[in-house]
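> here are the coordinates; sequence isn't available:
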């Protein structure tokens, strides 16, 4: 599942060129970040992921 929106990334980096493989790498980083946050919430007996889990 794609987590990022390529158009939003392009807009955010409008002054830069973005290589095609950057999106996949960014998507993997976001997936890892989400998994880590979910694990922290579970470790604290919560089902709600909160900003502090980042």
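Yep, that arrived. Treat the numbers as computed from the prediction; the structure is a model and nothing was measured.
> C-alpha from now on. contacts and neighbour counts both.
Fine.
> how would you label residue 47: helix, strand or coil?
Three states are possible here, and by DSSP: H, G, I helix; E, B strand; the rest coil the one that applies to residue 47 is coil.
> Now it: closest residue in space that isn't a chain neighbour?
Setting aside the residues directly before and after it, residue 47 is nearest to residue 41 in space (Cα to Cα, 6 or more residues apart in numbering), at 6.4 Å.
> which residues touch the one you found?
47, 48, 49, 50, 53 (Cα atoms under 8 Å, 6 or more residues apart in numbering).
> Could you tell me how many residues sit around the second one?
The tally of other residues near residue 48 (other Cα atoms under 10 Å) stands at 12.
> From residue 19, how far out is it?
35 Å (Cα to Cα, to the nearest Å).
> Just the buried residues of the contacts of residue 41.
residue 53 (16 or more other Cα atoms under 10 Å).
> Need the contacts of residue 41 in a markdown table (columns: distance to residue 29).
Converted to a markdown table, those look like this (distance: Cα to Cα, whole Å):
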| residue | distance to residue 29 |
| --- | --- |
| 47 | 22 |
| 48 | 21 |
| 49 | 17 |
| 50 | 18 |
| 53 | 15 |
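> could I get the contacts of residue 41 as TSV with pLDDT and distance to residue 10?
Conversion of the contacts of residue 41 to TSV gives the following (pLDDT from 0 to 100; distance: Cα to Cα, whole Å):
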residue	pLDDT	distance to residue 10
47	97	33
48	98	30
49	98	28
50	98	27
53	97	27
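> All set, thanks.
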